[in-house]
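Q: any chance you could fold what I've pasted below:
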Amino acid sequence: MLIKIILILWVSMIGARILYGFHNSNKTITLVEYVFPFAGSGYALYGGLLSAISAIWFYAFAKKESFLEIMDCLTPGILAGLGIGRIGCLLAGC
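A: Numbering: from 1, shown residues only. This is a model prediction of the structure:
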């Protein structure tokens, strides 16, 4: 279970960086920052959300598990993460 959580966090941070790169095309993000996105700033909140949900769906499809049951378990954490992310954006001046 811990491996799944770490994998989803990593995928969501990569997705957040990719969406940030699309929104701010004048800033350069290197390949290393995409692969290891754990330092610095430059994240788009909804990019992380979309990539995490996509990864969960792909995992559920590959393992033949119920996507909705997995999302029922993860929804409180997703909502808490969105709330913390919104507060972080407010404090950063986004």
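
Q: what mean pLDDT does stretch 55-75 get?
A: Here stretch 55-75 scores 89 as its mean pLDDT.

Q: where does the protein dip in pLDDT?
A: 1, 27-42, 94 (pLDDT under 70).

Q: in it, what residue spans correspond to helices?
A: With helices called from DSSP state H, the chain shows them at 2-23, 31-35, 45-63, 67-92.

Q: now these in TSV, with mean neighbour count?
A: Where you see a C-beta, it was placed from the backbone N, CA and C, and this is true even at glycine. Formatted as TSV, the helices of the chain follow (neighbours: other Cβ atoms under 10 Å):
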stretch	mean neighbour count
helix 2-23	16
helix 31-35	11
helix 45-63	16
helix 67-92	12
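
Q: touching, residue 60 and residue 74? I think so.
A: No. Look at residue 60 against residue 74 with Cβ atoms under 8 Å: they stay out of range, at 11.0 Å.

Q: in this structure, which residue sits furthest out from the middle?
A: In the chain, counting by Cα atoms, centre = their mean, residue 64 sits farthest out from the average C-alpha position, at 22.7 Å.

Q: may I have the phi/psi pair for that residue?
A: phi 60, psi 40 (degrees, to the nearest 10).

Q: any idea how far it is from residue 79?
A: Applying Cβ to Cβ, to the nearest Å, the value for residue 64 to residue 79 is 27 Å.

Q: go ahead and confirm residue 49 touches residue 77.
A: No. Counting by Cβ under 8 Å, residue 77 is not a contact partner of residue 49; they are 11.6 Å apart.

Q: who touches the closest residue to residue 65 other than its chain neighbours in this structure?
A: In space, and not counting its chain neighbours, residue 65 is closest to residue 59: 7.7 Å by Cβ to Cβ, 6 or more residues apart in numbering. Counting by Cβ atoms under 8 Å, 6 or more residues apart in numbering, residue 59 touches 4, 65, 70.
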